[in-house]
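*Asks:* Need the 3D shape of this:
(chains A and B)
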Amino acid sequence: MSKSQELKIKDKFTGETIRTVTADTIETVHEKIKKVHRNQKLLKEMDFFERAQLLSQFASKLRFNKNKLKDLIVAEGGLPVKYSEWELNVVTNGFKFCDWYYQFLEEKPLTSIEGEQLVRIRYIPHGLAACLSPRNTPISLPLYQLGANYLVGNPAIVKPSTACPLTMLEAYSMMEEIDFPALEALDLVIAPGEWAVDEFIKSPLVKTIMTITASHTAKDILVRYGRFLKKTVDRSMGVDMYTQPFKNFFFECAGNDAGIVMNDVNMEQVAKWNAMASYTNSGQQCFSMKRIIVHQDIYDEYTECLIKEIEKLKYGDPTNPDVDIGPLGSRKILMMMEVMVEDAKKYNAKIYTGAEKIDTGKDYGLFYKPTLVEIKPEMCEDLSKAPFLWREEAFGPVRSITKAKDIKDAIKLANASNYGMRAVVYTSNLNNIEVFKNELEAANIYVNARPMLVDITVSLGGIKDSAYPAGCKYYPQELVYGKYIYDGTSLNLEKIK
Amino acid sequence: MVIDLKSNIFNQNDFKTDIARNYTSFLSNYPEIFADLILGSHFDFAIYDSIESYDARAPIDVFNVYRNGEGIEIKPGKANNADLELALSVEAIEKLIKTKDNVEYAQLLGSFYNEPNEENGWIDFMLFKRTQKIIEMGYGKFAQTAGILEDDGSIIHL
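*Replies:* The predicted model follows:
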């Protein structure tokens, strides 16, 4: 029996221990996997709309307890209190109206070329899903993973980040309080990702592994899966036969979103939105606007507007309702921001604002001032030689700004990336809008949209290194497969009798 | 375009509580709140004296609002096949009926949704029909007009 570990969950600003939680061991993880798998039948006893109604009611419970949850989000996540509202709304609104997803899961007839409807597509849940969540969202993503699986009828194990598991544990205990039906088919695992992933990979009961993580971590999971498969090879028949079945992998990964600002916009308004889109949650957001590309005609003036907005951002105690920028989630992020800025300096990049750290020397109260760095377009021509800040996701408050000659150049720069989550465009030229929609390489294109858009119709996903498999989908769609059923009874019953 | 809507309250003596009588009288002054709902929309207003009674689905009074061609009809009891239920605490209604106009009313209603509080007041809603259908019936726009669903862009101010 493995020894269980006590995890001290600390306030990211003050460093005080908020609570100590007992982490799972390999044995308890196995038990939980078996338990939720065994209780899958409880989910099958309800239909989609019953489950949707229950999630909708649970959204009310979350809302009635929002202050308690917000306090935890702020403390363990370091998210500013004003942003914690948004974090919570993502999931409460999603749950409140979750039956909206039925349009993707409704059984459909297919019409053959003869005009007959003998084939139907029925959507079937994949089975047990093991989900891993990142530390930048203490509740929205882990709870959304739990809810999406419940909605379609999959048992699920969700592993929130060990840096901030308390909000999710609180949400789960709220479900326990109200005897949430079929909760036995859902559970949380508090364990470090390094070994938890291996246990999920090894378990034959786990059919799907879904994560929201850095692209490199996601690739590492695939490598681990490959190694695991290799160990299962049976050579007794003289050929390599892999004895373990395929698993489904759904990875939501990094974004390095381009945000294009053309020379026909209200610069002050767009700069306000830009600052929000780029620096909310200290820039620790996969869909943050990271590479700002500005038309040369307005580059200087727009940069000035943007700097003004950036310098208005207040950083500090995240419980202060005026604070925009809370502490960073980890020392690793602080280090990464420093490395990116130092690397950019080697390219003689101009630092417009920021580039200063507040380092307590501990693992809390760490800040990096909102930073804007000029990356010259010629530095981005060969991606392999481009500054680190351009090539990789800056998961913190450092953003690049680059001058584009015209629309063609802006699109070329935007597409010069290994990532393809979102692309954002601000322009009032209606003729150019279609060009952007067609030419930008990203799974989601946002034209003249307000930042941090929260809407049930906003899907997840990405192309290139931003998602695996590539595409733009809603979670519930990914958690089911289409069973194609040909029923020739009406044509052939008499013949086969 | 401003639509002049009429409101009619039926069988007001059949309400179980004074708070329902007062609230329906108040609502009948602002039928324009319901202008975005399509004809035939029909939903319940349920009044609860605590969150526990809401959890137990045991309202102290219920009335329903029907959107007809001319405006709205308010009647005691539950609607037959209601689209949704708007749940309100007594404390919320006591404050709502003191508002001076429909703008102030909408702002306060929204605050009870966004900052629910047992002491100060709260509101909630339960959908009885599919979200898509509810949206098609105009309830999404109604919720915005009534201040329940705010524009998310306003949540974070920089």
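*Asks:* any residue of stretch A:86-100 up close to chain B?
*Replies:* Yes. Between stretch A:86-100 and chain B, judged by C-beta under 8 Å from any C-beta of the partner chain, the touching residues are A:Trp86, A:Asn89, A:Phe97, A:Asp99, A:Trp100. C-beta here means a position set from N, CA and C on the backbone, and glycine is covered the same way.
*Asks:* Farthest pair within those residues?
*Replies:* A:Trp86 and A:Asp99 (23.0 Å; C-beta to C-beta).
*Asks:* if you count what's nearby, which of those two comes out ahead?
*Replies:* Each of A:Trp86 and A:Asp99 has its neighbours counted (other C-beta atoms under 10 Å in any protein chain shown); A:Asp99 has more, 22 against 18.
*Asks:* which element is the closest residue to the more buried one other than its chain neighbours on?
*Replies:* If the residues on either side of it in the chain are set aside, A:Asp99 comes closest to A:Ala52, at 3.9 Å by C-beta to C-beta, 6 or more residues apart in numbering or on different chains. For A:Ala52, the host element (DSSP states H and E) is helix A:48-64.
*Asks:* Buried residues in that helix, which are they?
*Replies:* Of the residues in helix A:48-64, those scored as buried under the neighbour-count criterion (16 or more other C-beta atoms under 10 Å in any protein chain shown) are A:48, A:51-64.
*Asks:* And the strands in the stretch 201-350 of chain A, which stretches?
*Replies:* Using DSSP state E, counting those that start in this stretch, the strands found in the stretch 201-350 of chain A span residues A:208-212, A:233-234, A:241-242, A:248-252, A:257-261, A:289-295.
*Asks:* elements contacting the longest one?
*Replies:* What that stands for is strand A:289-295. Packed against strand A:289-295 by the contact rule (3 or more C-beta pairs under 8 Å, 6 or more residues apart in numbering or on different chains; DSSP states H and E) you find strand A:257-261, helix A:267-279, helix A:299-312, strand A:398-404, helix A:407-415.
*Asks:* could you check the angle helix A:267-279 makes with that strand?
*Replies:* Between the axis of strand A:289-295 and that of helix A:267-279 there is an angle of 150 degrees, by axes from the mean of the first three to the mean of the last three C-alpha atoms, to 10 degrees.
*Asks:* in its sheet, what does strand A:289-295 sit against?
*Replies:* In the sheet containing strand A:289-295, the strands it pairs with under DSSP bridges are strand A:257-261 (parallel), strand A:398-404 (parallel).
*Asks:* Between helix A:299-312 and that strand, find me the angle.
*Replies:* 150 degrees.
*Asks:* where's the residue nearest to A:Asp99 relative to A:Ile201, distance?
*Replies:* Counting by C-beta to C-beta, to the nearest Å, the separation of A:Ala52 from A:Ile201 is 31 Å.
*Asks:* Please, which helix or strand holds the spatially closest residue to B:Leu149 that is not a sequence neighbour?
*Replies:* Setting aside the residues directly before and after it, B:Leu149 is nearest to B:Ala143 in space (C-beta to C-beta, 6+ apart), at 4.2 Å. Secondary-structure assignment from DSSP H and E places B:Ala143 in helix B:139-145.
*Asks:* which parts of that helix are buried?
*Replies:* B:Tyr139, B:Gly140, B:Phe142, B:Ala143, B:Thr145.
*Asks:* swap in stretch A:203-220?
*Replies:* In stretch A:203-220, the ones that count as buried by 16+ other C-beta under 10 Å are A:203, A:205-215, A:217-218.
*Asks:* Between the two ends of that stretch, how far is it?
*Replies:* Its start and end residues considered, stretch A:203-220 measures 18 Å (C-alpha to C-alpha, to the nearest Å).
*Asks:* and that stretch, how far out from the chain's middle?
*Replies:* 13 Å (C-alpha atoms, centre = their mean, to the nearest Å).
*Asks:* got it, and stretch B:50-58?
*Replies:* Taking C-alpha atoms, centre = their mean, the mean C-alpha location of stretch B:50-58 is offset from the chain mean by 17 Å.
*Asks:* buried stuff in that stretch?
*Replies:* Using 16+ other C-beta under 10 Å as the test for burial, stretch B:50-58 gives B:Ile51, B:Ser53, B:Tyr54.
*Asks:* Can you name the residues that contact residue 94?
*Replies:* As the question left the chain open, I've gone with chain A. A:Ala59, A:Tyr144, A:Gly147, A:Ile456 (C-beta atoms under 8 Å, 6 or more residues apart in numbering or on different chains).
*Asks:* switch to chain B, that's the one I care about
*Replies:* By C-beta under 8 Å, 6+ apart, B:Glu94 lies in contact with B:Ile19, B:Gly121.
*Asks:* Excluding sequence neighbours, find me the nearest residue to B:Phe26.
*Replies:* In this structure, B:Phe26 finds its nearest non-sequential neighbour in B:Ile97, 4.4 Å apart by C-beta to C-beta, 6+ apart.
*Asks:* B:Lys95 now?
*Replies:* Of all residues apart from its sequence neighbours, B:Gly121 sits closest to B:Lys95 (C-beta to C-beta, 6+ apart), at 5.8 Å.
*Asks:* how many neighbours does that neighbour have?
*Replies:* By the criterion of other C-beta under 10 Å, B:Gly121 has 21 neighbours.
*Asks:* What's opposite it in the beta bridge?
*Replies:* Beta-bridge pairing of B:Gly121 under DSSP bridges involves B:Asn117.
*Asks:* Please tell me I have it right and it contacts B:Phe112.
*Replies:* Yes. Using C-beta atoms under 8 Å as the test, B:Gly121 is close enough to B:Phe112 to be in contact (5.0 Å).
*Asks:* Which neighbours do these two have in common?
*Replies:* Listed contacts common to B:Gly121 and B:Phe112 are B:Leu88, B:Ser89, B:Ala92; contacts here mean C-beta under 8 Å, 6+ apart.
*Asks:* residues in contact with the first one?
*Replies:* This means B:Leu88. So B:Leu88 contacts B:Tyr23, B:Phe45, B:Ala46, B:Ile47, B:Tyr48, B:Leu96, B:Phe112, B:Gly121, B:Trp122, B:Ile123 (C-beta under 8 Å, 6+ apart).
*Asks:* Which residue ranges of chain B form strands?
*Replies:* Secondary structure of chain B by DSSP state E: the strands cover B:6-9, B:42-48, B:61-67, B:71-76, B:84-89, B:123-127.
*Asks:* ok now the third one, how far from the chain's centre?
*Replies:* The reference is to strand B:61-67. Taking the mean of its C-alpha atoms, strand B:61-67 sits 9 Å from the chain's own mean (C-alpha atoms, centre = their mean).
*Asks:* Remind me what that strand packs against, helices and strands.
*Replies:* Secondary elements touching strand B:61-67 (3+ C-beta pairs under 8 Å, 6+ apart): helix B:18-27, strand B:42-48, strand B:71-76.
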